[in-house]
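Peer 1: 3D model of this:
(3 chains)
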Amino acid sequence: MSEDIIISLDHVSKWFGEKRVLKDVSLNIKRGEFVTILGPSGCGKTTTLRIIAGFETPDEGNISIGGNLMNDVQPHKRPVNTVFQRYALFPHLNVFDNIAFGLKLKGMSRSEIETRVMRVLKMVSMTDYEWRNVDSLSGGQQQRVAIARAIVNQPAVLLLDEPLSALDHKMRKDMQIELKQMHKQLGITFVYVTHDQEEALTLSDTVVVMNNGVIQQIGSPTDIYNEPVNCFVADFIGESNIFNATMIEDRKVSFMGHEFECVDEGFGENVPVDVVVRPEDIYIMPKTDKGQFDGVVASCIFKGVHYEITVNTPDGYELMIQDYNPFEAGMEVSMIIKPNDIQVMRKERICNTFEGEMTDESHVEILGGEFECLPQEGLSAGDKVRVEVDFDKVDLTDDKRDGTCEGDIRFILYKADHYHLHVRAVNREYIYVDTQDVWEDRDIVGINIRPEDMRITRIEEGAQA
Amino acid sequence: MARIQNIIGKRSNWSFPYAVFLILFVALPMVLIMGYAFVKEGGGFTFSNITRFFTDSDALSTFAVSIEIALETTAICLLLGYPVAWLLANSKFNKSSITIVIFILPMWINALMRTLATADLFNMLGITLGKGTLLFGMVYDYLPFMIYPIYNVLRRMDPSYAEAAQDLGAKPAKVFTSVTLPLSLPGITSGIMMVFMPTVSTFAISEFLTNNKIKLFGTIIQENINSSMWSYGAALSFIMLIIIGLTSLLTSSSEEDNVAEGGLI
Amino acid sequence: MKKLFARLYLGLILLMLYAPLIFIAVSSFTESRVLGNWTGFSTKLYSNLFSGEMSNSGLMSAVNNTLLIALIAALVSTLLGTLAAIGIFHSRGRRKNVVMFLNNIPMVNPDVITGVSLFLLFVFLGVTQGYVSVVLAHITFCTPYVVLNVLPKLHQMNPKTYEAALDLGATPGQALRKVLIPQLMPGMVTGFILAFTMSLDDFAVTFFTRGTVGLETLSTFIYTDARKGGLTPELRPLMTIIFIVVFALLLIFNIRQERAAKKKALLK
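Peer 2: Numbers count the residues shown, from 1 in each chain, chains lettered A, B, ... in the order given. So this is what the prediction gives:
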């Protein structure tokens, strides 16, 4: 392991009861780096932070800090300090005693404690507040005390758990700048957890994007923004147009019914892929200028610096475009996408695959429900089978009772002409659905699949999937 | 070593000593009551202690009297206590939260002492001790247990419910019967339980208040235990447990909130 | 008019509740051996109580026993119950339900049942009944009240403060002492007072678990005394003093709570 690595998570997994909240997470954090773990709520980012702090122990894998294995080391013995989400200041102690808490435990002399506390109070611009009751402070002030309380111990790593989430917008912006300065001044490693992508891009040297307990991508803010590795990252970071596409050959990709030149190679020929184009990377012009493809402006909204323009193409695709010039609604326009601005991503899957069990010749149990299928010759009850279903062959119903089994919608991705949904069925397995219908996150739905849309193959005994 | 620290560091484990204590001093004694009631001396299962109760006319009549007295006490407490709770919770009549304390204070004085004083007071006034004085003494002992939970529910009730009913045209009496009373039901059931349970099981008090004329069920249990008839005493305790279990099933929903709110002071 | 009627009603009920107490208090200022006889004003019973003249009657040792048992039981209950409440608050599922269920039993059970069941336990285990068994029995019925008074405080506090303490280098024990207990103190104090008064007041459980070694608490002393016929007259001044002390304590406690609540309301 390199000298530079201060924190290392090595194939870490964590279960909460039945639920696996971290799946094989590996992450190396360099000394002095400002790392942000970014993801939606429930993605496992806070659990990751708590494993570093020692409030949770990994069920599998190892956590090392400074080269030492930390799995069984108690929080109070770790060289890290945390700034908690809602500050967690001690309400029975004043500002001074809150900050001095850690130093007193170390048995430091009174004068030394005083010098150190005063120094950090100055650093967080809270001088003269030392005798105040913490309840009498504003949110921003409590935030500063919480930071002071952590950094006064001179930890090797400062952990920050959504520290700005309780502050209003303006205050958040100011604190971001101060945190960045503090990081420079202290020279220690910051591990910062947030669900705010803008915060992550502004503050960090390295961004770690997580979803469903899995690290999706690790990279610099520009890498993450310009070269997302999958639809989730592309959608979560910034605005994007995402398309189902086909890689025709190296440097040639087709989507929206057009062929485009791109810079990506090595995907193979005629391979389904996803394509991301950022709104500011689509060049829009009057139709007379003849671009690569045409469309009609549906709406145009001024956003302060740029205009946000929605364009419909004749084939039914909806594009989001940012431009410094306004284009009136109804105007016929033409667009160009440059090869450099097309980000091609491997598809994580091209159809749903489930493992299930036949309950009789024409019924199969998958997703915790019993689905009717075409009569399967040579298969009988109890046979293990693999079932494949295309994304667009899944039917969702409003009333969960109308479905063969029920599920709830956990993730929605707009893909220019349809929605791609992640639906979690009752047995916690996911089914992926392409649909034109508009659903909302966390909607409870019924799931139906027509018998003829299921491709069933037997899993041979002994053969591993 | 690290293992042990991990176990101690986990706060969910901090109830472990109490859990052991509960198993030893709550669960095991409950099992023992059943054990003594249903196990023959040389081992083996028996119903004889229970059947003995149903053939013991003395115990049966005591049992009936106990239930009767407990029901009557509970009813009187409810009739007397509800208006008190309502008046104290009503800001028109009472603005201080201290007043209620004055009403529940006598609870903190030794019940036996109060009972004896009540009996002597009756004696001094020339009232013969009997069922009347027993009821009065019981009501006097347990009235605070009825007032307090009802008061708690009424005081916490959002006044906008009653105002809404008024706004919709209900007269004060109608507001009371259609809004206030139903909404205070949790307090009432909790009060009923807090009065009924101790009255049905009380012992010693009835003897003092009736000059030994009326004996209650609790006393029978005590007499059996004291004269080393443990199995029969345990069987009678078991029957009492059933009564208590039934009562708490009927009233369970509301009781917890009230106690959880910070007890009786 | 309505107000007058309400006052009258409340006054009558109060009179009923306090009549026996006032009766005791008044008769504590006369020398008559029989309760209810007025033989002229005297403070002799009070001076008897304090002059050591009662040392042989067993009353003073009963008082001492009562106070000592209540103190030990309340202290142990407060510690045990506070730890338990923290544990219960942080556990889930069946374990939490089982502990809460068992915790409720002594509160729901009538004193007689608690007394008989513990009596059977001590017989079963072959424990000699006396001081220790009574204290254990009192801890049994006191601790649930501590648990129920500490739990709401846990709900109110920020649970992360404990982790913050660990994070700043405190061991679990230090975090408990320096961070959790100060925040839970109000609930612990209420729980302690409840436990103490419940123990003071108990008759039935003590009666069954005190054994035959002649241990008397105030309650059992009064019981034996009354069965012998006629109460020791010095009980009257004793009860009067206890009543006044309890009355004063509870009033002060509640007035302080009301003030604190009002102050909090003002701050918001």
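Peer 1: burial measure for residue A:185, as a count.
Peer 2: Neighbours of residue A:185 under the rule other CB atoms under 10 Å in any protein chain shown: 10. Using the backbone N, CA and C atoms, a C-beta is placed for each residue, glycine as well.
Peer 1: Setting the sequence-adjacent residues aside, check what's closest to it.
Peer 2: residue A:123 (7.5 Å; CB to CB, 6 or more residues apart in numbering or on different chains).
Peer 1: how close does that neighbour sit to residue A:145?
Peer 2: Separation of residue A:123 from residue A:145 (CB to CB, to the nearest Å) stands at 12 Å.
Peer 1: These two: which is more packed in?
Peer 2: Of the pair residue A:123 and residue A:145, residue A:145 is the one with more neighbours under other CB under 10 Å, namely 25 against 19.
Peer 1: ok, the more buried one touching residue A:130?
Peer 2: No - Residue A:145 is not in contact with residue A:130 according to CB atoms under 8 Å; the separation is 9.7 Å.
Peer 1: Common neighbours of these two, please.
Peer 2: A:95, A:99 (CB atoms under 8 Å, 6 or more residues apart in numbering or on different chains).
Peer 1: And the helix or strand where residue B:113 lies, what does it pack against?
Peer 2: Using DSSP states H and E, residue B:113 maps to helix B:111-125. Applying 3 or more CB pairs under 8 Å, 6 or more residues apart in numbering or on different chains; DSSP states H and E, we find helix B:111-125 packed against helix B:131-156, helix B:205-210, helix C:2-27, helix C:218-228.
Peer 1: Specify the next element, helix or strand, located C-terminal of the third one.
Peer 2: Read that as helix C:2-27. Past helix C:2-27, the next helix or strand by DSSP H and E is helix C:44-51.
Peer 1: okay, now the domains of the chain?
Peer 2: Picked chain A for this. The record's domain parsing of chain A by automatic domain parsing lists A:5-231, A:232-346, A:352-458.
Peer 1: Hmm, no, I was thinking of chain C.
Peer 2: Split by automatic domain parsing, chain C gives C:60-232, C:236-268.
Peer 1: Need those domains in JSON lines (columns: mean neighbour count, distance to chain A and mean pLDDT).
Peer 2: Putting those into JSON lines (neighbours: other CB atoms under 10 Å in any protein chain shown; distance: least, CB to the nearest CB, whole Å; pLDDT from 0 to 100) gives the following:
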{"stretch": "domain C:60-232", "mean neighbour count": "21", "distance to chain A": "4", "mean pLDDT": "91"}
{"stretch": "domain C:236-268", "mean neighbour count": "14", "distance to chain A": "8", "mean pLDDT": "79"}
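Peer 1: Output those domains as JSON lines; include the columns distance to chain B.
Peer 2: Listed next are the domains of chain C as JSON lines, based on distance: least, CB to the nearest CB, whole Å:
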{"stretch": "domain C:60-232", "distance to chain B": "3"}
{"stretch": "domain C:236-268", "distance to chain B": "5"}
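Peer 1: Quick check: beta-bridge partners of residue A:425?
Peer 2: Following DSSP bridges, residue A:425 is listed with bridge partners residue A:407.
Peer 1: What helix or strand is the residue of the stretch 101-250 of chain A at minimum distance from chain C located in?
Peer 2: Using CB to the nearest CB, the single residue of the stretch 101-250 of chain A nearest to chain C is residue A:102, 3.6 Å away. Per DSSP H and E: residue A:102 is located in helix A:95-105.
Peer 1: got a list of contacts for that helix?
Peer 2: A:81, A:89-90, A:93, A:112-113, A:116-117, A:120-121, A:126, A:129-132, A:134, A:137, A:145, A:148-149, A:152-153, C:165, C:168-170, C:174, C:178.
Peer 1: Can you say which of those residues are buried?
Peer 2: A:81, A:89-90, A:93, A:113, A:116-117, A:120-121, A:126, A:129-130, A:134, A:137, A:145, A:148-149, A:152-153, C:165, C:168-170, C:174, C:178 (16 or more other CB atoms under 10 Å in any protein chain shown).
Peer 1: Among the residues you listed, which lie within strands?
Peer 2: Under the assignment DSSP state E, the buried ones among the contacts of helix A:95-105 contribute residue A:81 to strands.
Peer 1: And the helices in the stretch 151-300 of chain A?
Peer 2: A:169-186, A:197-203, A:221-226, A:231-236 (DSSP state H, counting those that start in this stretch).
Peer 1: Likewise for chain C?
Peer 2: C:2-27, C:44-51, C:59-90, C:93-108, C:111-125, C:131-156, C:160-167, C:172-175, C:181-201, C:204-209, C:218-228, C:235-267 (DSSP state H).
Peer 1: Mind putting these into a markdown table with distance to residue B:95?
Peer 2: What follows is those, written out as a markdown table (distance: least, CB to CB, whole Å):
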| stretch | distance to residue B:95 |
| --- | --- |
| helix C:2-27 | 12 |
| helix C:44-51 | 38 |
| helix C:59-90 | 33 |
| helix C:93-108 | 32 |
| helix C:111-125 | 36 |
| helix C:131-156 | 25 |
| helix C:160-167 | 36 |
| helix C:172-175 | 42 |
| helix C:181-201 | 24 |
| helix C:204-209 | 38 |
| helix C:218-228 | 37 |
| helix C:235-267 | 11 |
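Peer 1: Contact partners for residue A:249?
Peer 2: Taking CB under 8 Å, 6+ apart, we find residue A:249 in contact with residue A:269.
Peer 1: May I have the beta-bridge partners of it?
Peer 2: residue A:252.
Peer 1: Output the below-cut-off pLDDT ranges for chain B.
Peer 2: B:1-3, B:251-265 (pLDDT under 70).
Peer 1: Name the residue of it that lies nearest to chain C.
Peer 2: For chain B, CB to the nearest CB, closest residue to chain C: residue B:15, 2.6 Å.
Peer 1: I'd say that residue and residue C:91 touch.
Peer 2: Yes - under the criterion of CB under 8 Å, residue B:15 makes contact with residue C:91 at 6.7 Å.
Peer 1: and for those two, which residues touch both?
Peer 2: The contact lists of residue B:15 and residue C:91 share residue C:99, where a contact means CB under 8 Å, 6+ apart.
Peer 1: Pull out the buried positions in the helix holding residue B:113.
Peer 2: Buried-residue list, helix B:111-125, by 16+ other CB under 10 Å: B:111-123.
Peer 1: can you give me the strands in the stretch 151-265 of chain B?
Peer 2: Along the stretch 151-265 of chain B, no segments are classed as strands by DSSP state E, counting those that start in this stretch.
Peer 1: for the stretch 201-350 of chain A, same thing?
Peer 2: Ranges of strands within the stretch 201-350 of chain A are A:206-211, A:214-219, A:241-249, A:252-255, A:258-261, A:271-277, A:282-286, A:293-302, A:307-312, A:318-323, A:332-337, A:343-346, based on DSSP E, counting those that start in this stretch.
Peer 1: okay if I get these as a markdown table plus distance to residue C:225 and mean pLDDT?
Peer 2: Putting the strands of the stretch 201-350 of chain A into a markdown table (distance: least, CB to CB, whole Å; pLDDT from 0 to 100) gives the following:
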| stretch | distance to residue C:225 | mean pLDDT |
| --- | --- | --- |
| strand A:206-211 | 74 | 95 |
| strand A:214-219 | 76 | 94 |
| strand A:241-249 | 89 | 92 |
| strand A:252-255 | 98 | 93 |
| strand A:258-261 | 103 | 92 |
| strand A:271-277 | 90 | 92 |
| strand A:282-286 | 98 | 93 |
| strand A:293-302 | 90 | 93 |
| strand A:307-312 | 90 | 94 |
| strand A:318-323 | 91 | 93 |
| strand A:332-337 | 101 | 94 |
| strand A:343-346 | 90 | 90 |
